Each structure stands twice: as C-alpha cells, then as structure tokens.
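S.K.: Quick one, what's the 3D model for this:
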Amino acid sequence: MSEKVLIIEDDPEIAFFERTILERAGYEVKVATTGAAGLETEPAFKPAVILLDVELPDISGLDVCTSLANSSDAFILMVSAHSTENDVLKGLGLGADDYVRKPFSGNELVARVQSFLRRRERSRRSDADGRLQAGTTELVRDFHTLENAGKSVSLTALEFRLLWYLAENTGKLLTRAQILERVWNDVSGVPTRVVDVHVAALRKKLNEVEAQLQISSVRGIGYRLDER
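M.R.: Alright, predicted model coming up:
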C-alpha cells in the first residue's frame, strides 16, 4: 500500500505540480484548497505527510498547523513563498516538522517526504541495544562512537547526545532552542553559540569516517541532519 500525502494549497498550479511529482514517486495524494477542507479531509484520509501552505484563503496556515499538530500523527511540511525567520520559528514551535520556500524542485520535495518516512521507520525500531542507524552510519551508545564502513571515531558525551538527537530526527529542522533544551537541558543559561561549536566538531568527525551524512545549517534558525 502506498504512503499517503495530503496537500493543503489554494494555488491550483502549485497544487498540480506537487500532486504530479508525488504521484509519480508512488504516493497516494489528495488536495485540499482551503484550511477548513484540509482539516476535514485529514481524519479520514490519514496521511503520513501533510504539505501545508502558510497563506490560505480562509484560515492561517499557522492555525491549521496548530490543529493538525494536536490531532494528527502526520509529518507537517510548511510551504511558503514569503516566510520570514519569525514565521518559520513560529511554525516549528506550533508543531511543523520542517519548511520549504517556494519555488522548490520536484526532487527536493520528494527528498523531504522520503526523509520524513525514513525518520518514522527509524523511530519504530528499538534502540534497546544502544545503537542508532542513520543511513550507513551507526552510533554506538556503549562506546560513544560513530562508525561507518569499517571506520570509527570517538565522540565526547555532548557530541554524542547532540548527534543522537539529530539522527533521531534526520531530515527535520531543529531550532537552537530545541537543541539546547534537549541536549543541554537548558534554553536560557547556555549561549546558542555553543551549539555551533559542537556542530563544527561533529562535521569534522563525520568527515573522518566518510559518513554519507551532512549537518545542514539554516541561518538564524538551527540545524538539520541530512543523508547525502
């Protein structure tokens, strides 16, 4: 059975483009042209991923995001042509998993959807043995190591917690505040610059083992672990 994607988009050309690309990639797709229609369609359709336009004709996409985050298990990808940094941060805070700015390519759209679904499968697997897989790379909790293709590098405790958190959420944009809260258990007493320093160290260690992973930065917002 193919995975389902719900598109909430009022621009018919963009909706047609998104639907065509996703159906060609093998997904079952439905389109809602208003926020109200999207909220009505979601419960019965039960999509795995929702593409949600920020600017809808009847309800703010941010308000729709709030409702969906409280009622749906779907991943939410916010889509906007005019999103500011504040809009992005607000959307992520309301429960969106990531955002993309128009215009975007069909390849990027499919890659984002695939990333969400890989993340879901990863979360279903138990980490009872203290291991977490991201692409071909593996994190080993007992030894605080990063392993890939027969190569291994040791991580500090903070580096390990940070990379584990990023790997659990591969493909998801995480704000610096979210990272500080989860990894450092603090959002006020630790400067955000400390996140940048540890990310720089992790990038070097990912290169050491030739991991097919990269930590992408989104200026002013945060970081996302992507598979190359």
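S.K.: and the lowest-mean-pLDDT helix or strand in the chain, what does it pack onto?
M.R.: Scoring the helices and strands of the chain by mean pLDDT, DSSP states H and E places helix 85-94 at the bottom, with a mean of 79. Under the contact definition 3 or more C-beta pairs under 8 Å, 6 or more residues apart in numbering; DSSP states H and E, helix 85-94 sits against helix 61-71, strand 75-80, strand 98-101, strand 174-175. For every residue, glycine as well, the C-beta is placed using N, CA and C.
S.K.: Relative to residue 138, which of these is closest?
M.R.: Proximity to residue 138 (C-beta to C-beta) singles out strand 174-175 among these, at 20.7 Å.
S.K.: Specify the next element, helix or strand, located C-terminal of the closest one.
M.R.: helix 176-179 (DSSP states H and E).
S.K.: pull the CA atoms of that following helix into CSV?
M.R.: This file holds the C-alpha atoms of helix 176-179, laid out as CSV (Å, rounded to 0.1, in the frame of the first residue of the first chain):
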residue,chain,number,x,y,z
ARG,A,176,18.9,26.1,18.5
ALA,A,177,16.4,26.4,21.4
GLN,A,178,15.1,22.9,20.8
ILE,A,179,18.7,21.5,20.7
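S.K.: mean confidence for it?
M.R.: Mean per-residue pLDDT for helix 176-179: 88.
S.K.: just stretch 21-34 next, same as before
M.R.: Mean pLDDT, computed over stretch 21-34, is 97.
S.K.: in this structure, which spans are helices?
M.R.: With helices called from DSSP state H, the chain shows them at 12-24, 35-45, 61-71, 85-94, 106-124, 157-168, 176-179, 193-208.
S.K.: From the chain's centroid, how far away is the third one?
M.R.: Computed by C-alpha atoms, centre = their mean, to the nearest Å, the separation of helix 61-71 from the middle of its chain amounts to 16 Å.
S.K.: how about it as PDB, C-alpha atoms only?
M.R.: Output in PDB follows, covering the C-alpha atoms of helix 61-71 (Å, rounded to 0.1, in the frame of the first residue of the first chain):
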ATOM      1  CA  GLY A  61      -1.700  28.100   7.800                       C
ATOM      2  CA  LEU A  62      -0.200  28.500  11.200                       C
ATOM      3  CA  ASP A  63      -3.600  28.000  12.800                       C
ATOM      4  CA  VAL A  64      -4.200  24.900  10.700                       C
ATOM      5  CA  CYS A  65      -0.700  23.700  11.800                       C
ATOM      6  CA  THR A  66      -1.700  24.000  15.400                       C
ATOM      7  CA  SER A  67      -4.900  22.000  14.900                       C
ATOM      8  CA  LEU A  68      -3.100  19.300  12.900                       C
ATOM      9  CA  ALA A  69      -0.300  19.000  15.400                       C
ATOM     10  CA  ASN A  70      -2.800  18.400  18.200                       C
ATOM     11  CA  SER A  71      -4.900  15.800  16.300                       C
END
